[in-house]
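# pasting the sequence and the predicted model now:
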Amino acid sequence: MSGPNTHPEIPSPSPGASSDHLFANNVRFVSMAAIIGIHTIALICPMLGWTQHTALEFALVQPLKFGSICFFLISGFLLGERIHRYRPHVYFARRLRSVFVPWAFWLSCYCGLRLIHGFGAGRLTLHTAGILSYGSGILSSSLFETAYWFVPNLLLALAILLIFRRLLMDWRIGCVFLTGSLFYAVNVYARWVHVEHTRAVFGFIFYLWLGAWGSWHFVTVEKWVSRIPATAMAALVLVTGLAALGEAGLLQKLGSSDPLNTLRLTNQVFSVMVGVSFLKARRALWPHFINVRAQTFGLYLAHTPVLAVLGMLALRFPGNFGGAILKDTVAGSLLLIMATFTVTYGGCLLLVRFLVSIPCLHWIVGGTSDGKPAIPGVRLPEPRRVKGSLPSSAPRPA
């Protein structure tokens, strides 16, 4: 352990911790599918007449609640693989160009879509004050009630990690970040601040740090996980998932407005166990026609407005949406959810593949997989080792 007046150096990643690693892409693919699945269920439940949380909804959503934390873990994993190559301000600028700009574009499109719908539904007129009030409400709900909460939270967490870059190898800074996550785990009961995880600005920093730490110690972590039998790992995931489901039920009985909160303590443990379990996978979990690295961020950006359009179209159906056979039976409800998920995921995938294929548009979905700048006309700085950092004794990944 370094003394209080010294700063441990950030090492190069372990040889296996490449951004192309099977582990990283498996987490990307499954976590994105889980997130789209959760938001699909959130869209369909009101159409099924589920005005309150039901046991079936809990059973469907909880197994998918690892997605957000796993994305912070994998984002930290990739940060740990690249942080030694850039000065902090250069790395953050690259993240703004490749992540924030596409996010702002899609957020604007989504807000514009909702404004247009407001005009069409007669809830909005051309009166200036009304537009400003309605528009500010749309922006606020889009930031805190949709998937678009993730990027601002991620960039804030990234900025904090870069500020404390020279301390990141010290486990004590990890404990400080863990305190933030545990605070929100208690807050779901105490309600000192907003309960929603979408407003938990310091709740996910620990998982970004933990992912980076895992990148720097990837070989050690992988060897440790390899000693755990697959059945034992599956049992750990199952037990922690059931515990998270039980805590959700408890929170519902206590009158919580967000019983399925991502930052419930049991769900934090469950999410980490799911993330670690991907180290046991020895093959790709995604179909060959999906380019996980190039298309996952685009799927995240596009699925919210696509689901919104599907919801608007559904409102044009007769009041008995889908017929009684879909609304009143478990099998029918599951069929409707699966059909909506398939249409959403497939439609978004086709849209993202189309945008990525056009050189002047691929920046819209954060397309940088070909090494070109994310935004046409903007030249990104070349990688540069930070002055004073020491090369790793391990070979750089190819």
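Sure, I can see it. Numbering: from 1, shown residues only.

# who are the neighbours in contact with the residue nearest to the spatial centre of the chain?
Among the residues of the chain, the one closest to the centroid is Ser68, at 3.8 Å (CA atoms, centre = their mean). Under the criterion of CB atoms under 8 Å, 6 or more residues apart in numbering, the contact list for Ser68 reads Ile35, Phe150, His197, Phe204, Thr262, Ser271. The C-beta positions use only the backbone N, C-alpha and C, and glycine is treated the same way.

# lowest-confidence entry in these?
The member of the contacts of Ser68 with the lowest pLDDT is His197, at 94.

# check contacts around it.
By CB under 8 Å, 6+ apart, the contact set of His197 is Ser68, Tyr184, Gly203, Asp258, Asn261, Thr262, Leu263.

# same deal with Leu178?
By CB under 8 Å, 6+ apart, Leu178 lies in contact with Phe206.

# go on, Trp103?
Residues counted as contacts of Trp103 (CB under 8 Å, 6+ apart) are Tyr148, Val151, Leu301.

# what helix or strand does Val219 sit in?
Using DSSP states H and E, Val219 sits within helix 218-226.

# same for whatever helix or strand comes next after that helix, what does it pack against?
Following helix 218-226 in sequence order, the next helix or strand is helix 230-253 (DSSP H and E). Helices and strands touching helix 230-253, by 3 or more CB pairs under 8 Å, 6 or more residues apart in numbering; DSSP states H and E, are helix 55-61, helix 265-277.

# by mean pLDDT, show me the worst of these.
With a mean of 93, helix 55-61 has the lowest mean pLDDT of the helices and strands packed on helix 230-253.

# may I have that helix as CSV, with CA atoms only?
Extracted in CSV, the C-alpha atoms of helix 55-61 (Å, rounded to 0.1, in the frame of the first residue of the first chain):
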residue,chain,number,x,y,z
ALA,A,55,-46.2,-10.2,-8.7
LEU,A,56,-45.8,-11.1,-12.4
GLU,A,57,-44.2,-7.8,-13.2
PHE,A,58,-41.8,-8.2,-10.3
ALA,A,59,-40.9,-11.7,-11.6
LEU,A,60,-40.3,-10.4,-15.1
VAL,A,61,-38.3,-7.3,-14.2
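
# list of residues touching that helix?
With contacts defined as CB under 8 Å, 6+ apart, helix 55-61 is touched by 38, 41, 45, 50, 245, 248-249, 252, 259-260, 330, 333, 337.

# quick one, what contacts the closest residue to Ile44 other than its chain neighbours?
Residue nearest to Ile44 in three dimensions, not counting chain neighbours: Ile337, with 5.1 Å by CB to CB, 6 or more residues apart in numbering. By CB under 8 Å, 6+ apart, the residues touching Ile337 are Thr40, Ile41, Ile44, Leu60.

# out of the residues you listed, which is nearest to Arg293?
Thr40 (23.5 Å; CB to CB).

# not counting residues beside it along the chain, what's closest to the closest one?
Computed as CB to CB, 6+ apart, the closest residue to Thr40 that is not its neighbour in sequence is Phe341, at 4.5 Å.

# how much space between that neighbour and Val188?
Using CB to CB, to the nearest Å, one gets 27 Å for the distance from Phe341 to Val188.

# more neighbours: which of those two?
Per other CB atoms under 10 Å, whichever of Phe341 and Val188 has more neighbours is Val188, with 24 against 21.

# quick check: the gap between the more buried one and Trp171.
Distance, Val188 to Trp171, using CB to CB: 26 Å.

# who touches Leu156 in this structure?
Residues counted as contacts of Leu156 (CB under 8 Å, 6+ apart) are Val201.

# that one sits in which helix or strand?
With DSSP H and E as the criterion, Leu156 is inside helix 150-163.

# check the offset of the host helix or strand of Val356 from the chain's centre.
Element membership for Val356 (DSSP H and E) is helix 330-357. Offset of helix 330-357 from its chain centre (CA atoms, centre = their mean, to the nearest Å): 18 Å.

# again, but for stretch 73-82
For stretch 73-82, the gap between its own C-alpha mean and the chain's C-alpha mean amounts to 13 Å (CA atoms, centre = their mean).

# how about residues contacting it?
Applying CB under 8 Å, 6+ apart, the external contacts of stretch 73-82 come out as 13, 17-19, 24, 27-28, 31, 91, 154, 158, 161, 207-216, 271-272, 275, 397.

# quick check, pLDDT for the nearest residue to Thr54 once chain neighbours are set aside.
Closest residue to Thr54 apart from its sequence neighbours, by CB to CB, 6+ apart: Cys45 at 7.9 Å. Cys45 is assigned 85 on the pLDDT scale.

# related to what we said a few turns ago, my read: the residue nearest to Thr40 touches Ile36, true?
Yes - using CB atoms under 8 Å, Phe341 is in contact with Ile36, at 6.6 Å.

# just for this structure, where's the confidence low?
Regions of the chain meeting the criterion pLDDT under 70 cover residues 1-20, 51-52, 120-130, 315-328, 367-398.

# state the number of residues packed around the residue lying closest to Thr146 once chain neighbours are set aside.
Using CB to CB, 6+ apart and skipping the chain neighbours, the partner closest in space to Thr146 is Thr304 (5.1 Å). For Thr304, the tally of surrounding residues (other CB under 10 Å) stands at 22.

# now swap in Lys223 and tell me
10.

# which residues are contacting stretch 280-295?
Counting by CB under 8 Å, 6+ apart, 19-20, 22-23, 25-26, 28-30, 225-226, 228, 230, 233, 349, 352-353, 356, 365, 367, 369 sit against stretch 280-295.

# list only buried entries from the residues you listed.
By neighbour count, with 16 or more other CB atoms under 10 Å, the contacts of stretch 280-295 hold 22-23, 25-26, 28-30, 233, 349, 352-353, 356, 365, 367 as buried.

# adding distance to Ser141, write these out as a markdown table.
Below are these laid out as a markdown table (distance: CB to CB, whole Å):
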| residue | distance to Ser141 |
| --- | --- |
| Leu22 | 38 |
| Phe23 | 35 |
| Asn25 | 33 |
| Asn26 | 33 |
| Arg28 | 27 |
| Phe29 | 29 |
| Val30 | 28 |
| Met233 | 39 |
| Leu349 | 26 |
| Val352 | 25 |
| Arg353 | 30 |
| Val356 | 29 |
| Val365 | 23 |
| Gly367 | 28 |
